[in-house]
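# Just to be clear, the model below is a prediction. Sequence and coordinates:
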Amino acid sequence: MSGHEARPVPVLAHDRPSPAGRDDRRPVGGSAEGAGPVGAPDRPASAGHGGRQEDPAFGGSRQSVTCRAPGKLFIAGEYAVVEPGNLAVLTAVDRYATATVTAADIDATSHRAEEAAPATGRVARTPGIIQRSDIDSTASRHRAEELAPATGRVTSTPGTTLRSDIDGTVSWHRTDEPAPTTGHVIPLPEITLRSDLDGGVSLACRREGDRLVPATPDGAVPAAFAYVFAAVSILDRLRTERGITARRYVLAVSTDLSDVDGRKYGLGSSAAVTVATVAALARFHELELSAMDRYRLAMLATITVAPRASGGDVAAATWGGWLAYGSPDRGLVAETVARGGVGAALRAPWPGLSVRPLPTPPGLALRVGWTGSPASTPALVGAATRARGDRTVFNARSNDCVQRLTTAVDAGDVPAIRAEIDCARELLLGLDETAQLGIMTPRLHALCAAAAAVGAAAKPSGAGGGDCGIAVIENTSTAALAELTDRWVAAGIRPLPLRIHPRAEEDS
Ligand SMILES: Nc1ncnc2c1ncn2[C@@H]1O[C@H](COP(=O)(O)OP(=O)(O)O)[C@@H](O)[C@H]1O
Ligand SMILES: C[C@@](O)(CCOP(=O)(O)OP(=O)(O)O)CC(=O)O
C-alpha cells in the first residue's frame, strides 16, 4: 500500500508502563486557567480511571463507579490515518468526558412515588416526589433484625440483609421468600442512560435476548446516545460472554468538551464519552481490562456508529499524552467480532494498529484556537472518500511527514516540529483543493495566517471545516505568543486554555 509499510511504528505492549519521569504535566499551552487534573482527587490523573465506591457488604462489588477520559487534538496525519495502517500524531487535552455508573438497585431516588405511600415496614415515601428507604439510608442494606414486615415488595432474611426485589431482579435480591405485590415500588428500567447533552436527556434500555434495545417508540437510538449506547452494548456482550451476571444500573455521562451553548469544540467528545463509558462499566462489572482492551472495546463501539473513524481520538482518550497512532483495519475487526464475539476481538491481531507513546516536547508551546463553528467529521470524511483521485501520494506524503514529526517530537526538536506542522498544513490544503472538501474555512485560514505572522506554524486540527486549529512555536517566544492571542481574538478565533492530559503509568 502506501509509504507507512516501510516504517512500522512499534506497538505499545498491552501492559507496558510508560516511561517514568517524563514531564507530561508541563503546560504546553502556557495559559493555565482551568488546567490541571480533574476528578479523582486522590490519585494521579489518568485516562479512563476515576473514583469508585465499594461496599464490603456486597462482597466488594461496585455500587458506584466514576471514570473520565480526556479530549484530544490531532497534531498531524488527518485523513491519511483513515486508511488502515496510516499514521497520525495526537495529544490528549485536559477537557473530559465523565461517566458514572450506579447500581440501580440502590438508586432509591429513581423510584417514582406517584402512588400513595402507606408507612409499611421501614420503607418511607413521599407521594409525588421520591421514595427513599429510611433504614440505614440505603435500600439495599437493611439489617434484618430491625426488620420490618414484608410489606410492599420487600423481603428479608434474618441475620443477613433485607433487600428489595424490585421487578424480580435476581442479582442482589433474595428470591427465597415470596414477595407480596402491593405495587408501591415502580421498577427502574434495566439500564438507564443519562447525558448532559441538550440540557439533560435520558434513555431507558432493556435486554432482549442477548442484545440491548432502547425504549423508544421506533426502537431507534437517539443521536445523543449513539456512542454511549454502542459502548454499553459492547460491554454487555463481553459481560455475557464472560458469564457475569447482569446488573441493573444508571449510567450518567457528561463532558466539558462543548462551550456553554452546547457547541462542540472538536476535541473528540464522541471518543471521550465512549472511552469513559467503557472504563466505568469495566470497573462496575470488574472485568479486569488493560488499556489496550479498553481501547479495543471503545473502538468496536465507535465503528458501529462511525465505520470510517480512524480511532485516533479513541487512542488519545485511552492512553493520554502524545501518541503516534496507526489505524487498524476496521473491516477486519468487525468481521472478527461477527465471527467470534467481543472476547475474540480482544485476543485477535488487529492489522494496521500501532500505538506508540511520545514524549511531550518540553520546549514547545502548543496553542489551540476555536473557530466557533462545529464541523461534521463523518460528512467530511465521507466526502473525502467519495472524492475522485488517487489518494496514494497524499497518504505516502502524510506518513512521511508524520514519521519526521515523531522523530522531531522524540528529539524535542521544536524547529523541526514547526516544519512538519507547516508540511501537514500544506498537505491538507492540497487535499482540500483536489477534493473540494471545505477543510480550510475562512476562520481556519485566518487562524493559520495569524500564526504565520508571528513566526508560528499552524494547521487545522482534525477534519477541518470548523472546530479547532493549532499553532506551535518555541515556548520562549513569549512576545510572539501574546501577539498570536491578540491576532486570533481580532480574527474571531477563541484561544482555548488547554493543557496536555498526561499519560498515567497504570494506563499504559
Ligand atoms: N455529553 C455527552 N453525552 C452523551 N454522548 C455524547 C456527549 N457528548 C458527545 N456525545 C456523543 O458524541 C456525538 C458527537 O460526536 P462528534 O460530532 O464526532 O463530535 P466530536 O468531534 O466532539 O467527537 C454526539 O452526537 C453524541 O452521540
Ligand atoms: C479526518 C480524520 O482523520 C480526523 C478527524 O478528526 P476530528 O478531530 O475532526 O474528529 P472528531 O473528533 O470526530 O470531530 C478522521 C479520522 O481520523 O477518523
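Structure received. Ligands and ions are numbered 1, 2, ... in the order given.
# what's the burial count for Ala223?
10 (other CB atoms under 10 Å). To be clear about C-beta, it is placed using only N, CA and C from the backbone, and glycine gets the same treatment.
# May I have the phi/psi pair for it?
Phi and psi for Ala223, reported as degrees, to the nearest 10, are phi -50, psi -40.
# for this protein, what spans make up the helices?
Ranges of helices within the chain are 226-241, 269-284, 291-305, 312-319, 330-340, 342-347, 377-386, 392-411, 414-435, 442-453, 478-490, based on DSSP state H.
# Pick out the shakiest of those, pLDDT-wise.
Among the helices of the chain, helix 377-386 carries the lowest mean pLDDT, a mean of 82.
# Spell out which parts of the stretch 301-450 of the chain neighbour ligand 2.
Where the stretch 301-450 of the chain comes near ligand 2, counting by CB under 6 Å from any ligand atom, the residues are Ala309, Ser310, Gly312, Asp313, Thr377, Val381.
# Need the nearest residue in space to the first one, chain neighbours excluded.
Just to be clear, that refers to Ala309. In this structure, Ala309 finds its nearest non-sequential neighbour in Thr302, 5.2 Å apart by CB to CB, 6 or more residues apart in numbering.
# contacting residues around the one you found?
Tyr227, Ala230, Ser270, Ala271, Thr274, Ala309, Gly311, Val314 (CB atoms under 8 Å, 6 or more residues apart in numbering).
# what's the neighbour count on the third one?
This points to Ser270. With neighbours defined by other CB under 10 Å, the count for Ser270 comes to 25.
# ok, now Gly341?
So Gly341, with other CB under 10 Å, has 14 neighbours.
# out of the residues of the stretch 301-450 of the chain next to ligand 2, who's near ligand 1?
Applying CB under 6 Å from any ligand atom to those, those adjacent to ligand 1 are Thr377.
# out of the residues of the stretch 301-450 of the chain next to ligand 2, which one sits closest to Ala246?
Ala309 (28.7 Å; CB to CB).
# pretty sure the closest one contacts Ile303?
Yes: using CB atoms under 8 Å, Ala309 is in contact with Ile303, at 6.5 Å.
# Now list whatever residues contact both of these two.
Arg330.
# coming back round to it: format the contacts of Thr302 as a markdown table; extra columns: distance to Ala324.
Compiled in a markdown table, the contacts of Thr302 are given as follows (distance: CB to CB, whole Å):
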| residue | distance to Ala324 |
| --- | --- |
| Tyr227 | 25 |
| Ala230 | 26 |
| Ser270 | 22 |
| Ala271 | 17 |
| Thr274 | 21 |
| Ala309 | 18 |
| Gly311 | 13 |
| Val314 | 15 |
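# between those, which is closest to Ala479?
Closest to Ala479 out of the contacts of Thr302 is Ala271 (35.9 Å), distances taken as CB to CB.
# Now do the same contact list for the nearest residue in space to the closest one that is not next to it in sequence.
Excluding the flanking residues, the one nearest Ala271 by CB to CB, 6+ apart is Asp313, at 3.6 Å. Residues near Asp313 by CB under 8 Å, 6+ apart: Lys72, Phe74, Leu90, Gly268, Ser270, Ala271, Ala272.
# mind listing what the fifth one touches?
Translated: Ser270. Ala226, Tyr227, Thr302, Val305, Ala306, Asp313.
# Now flag whichever of those is closest to Ser254.
Distances from Ser254 to the contacts of Ser270, taken by CB to CB, are shortest for Tyr227, at 13.5 Å.
# you'd agree the closest one is up against Thr274?
Yes: using CB under 8 Å, Tyr227 is in contact with Thr274, at 4.7 Å.
# Which residue of these two possesses the greater neighbour count?
Legend: neighbour count by other CB under 10 Å for Tyr227 and Thr274, higher for Thr274 (35 against 27).
# residues in contact with that one?
Tyr227, Val228, Ala230, Ala231, Ala298, Ala301, Thr302, Val314, Ala317.
# my read: Arg487 touches Ala452, true?
No: checked against CB under 8 Å, the pair Arg487 and Ala452 is beyond contact range at 10.1 Å.
# more crowded one of these two?
When Arg487 is set against Ala452 and neighbours are counted by other CB under 10 Å, the residue ahead is Arg487, at 18 against 14.
# Next, count neighbours for the nearest residue to that one once chain neighbours are set aside.
Once flanking residues are discounted, Arg487 sits nearest to Ala450: 3.7 Å by CB to CB, 6+ apart. If you count neighbours by other CB under 10 Å, Ala450 ends up with 24.
# and the gap between Ala450 and ligand 2?
21 Å (CB to the nearest ligand atom, to the nearest Å).
# close enough to count as contact, that residue and Gly492?
No: Ala450 is beyond contact range of Gly492, at 10.6 Å (criterion: CB under 8 Å).
# Next, count neighbours for Gly412.
So Gly412, with other CB under 10 Å, has 14 neighbours.
# Give the full set of residues in contact with the nearest residue to it once chain neighbours are set aside.
Closest residue to Gly412 apart from its sequence neighbours, by CB to CB, 6+ apart: Pro361 at 4.8 Å. Contacts for Pro361 (CB under 8 Å, 6+ apart) come out as Val28, Trp322, Ala408, Val409, Gly412, Asp413, Val414, Ile417.
# Show me which of those residues are buried.
Val28, Trp322, Ala408, Val409, Asp413, Val414, Ile417 (16 or more other CB atoms under 10 Å).
# of all the residues you listed, which comes closest to Glu426?
Distances from Glu426 to the buried ones among the contacts of Pro361, taken by CB to CB, are shortest for Ile417, at 15.1 Å.
# and the gap between that closest one and Ser376?
Using CB to CB, to the nearest Å, we find Ile417 at a distance of 29 Å from Ser376.
# For ligand 1, what is the nearest residue in the stretch 51-200 of the chain?
In the stretch 51-200 of the chain, the residue that lies nearest ligand 1 is Ser195 (3.4 Å; CB to the nearest ligand atom).
# Near ligand 1, which residues of the stretch 251-400 of the chain? Just list them.
Val253, Ser254, Thr255, Leu257, Lys264, Gly266, Gly268, Ser269, Ser270, Ala271, Val273, Thr377.
# Most neighbours among those, which one?
Going by other CB under 10 Å, Gly268 tops these with 33 neighbours.
# surely that residue meets Lys72?
Yes: Gly268 sits in contact with Lys72 when judged by CB under 8 Å, with a separation of 4.2 Å.
# Find residues that contact each of those two.
Asp313, Ala316, Ala317.
# Count the neighbours of the second one for me.
Spelled out, that is Ala316. When counting by other CB under 10 Å, one arrives at 36 neighbours for Ala316.
# mind starting the numbering at 791 from now?
Fine by me, first position is 791 from now on; the one you just mentioned is Ala1106.
# list the buried ones in stretch 1153-1161?
Leu1154, Ala1155, Leu1156, Arg1157, Val1158, Gly1159, Trp1160, Thr1161.
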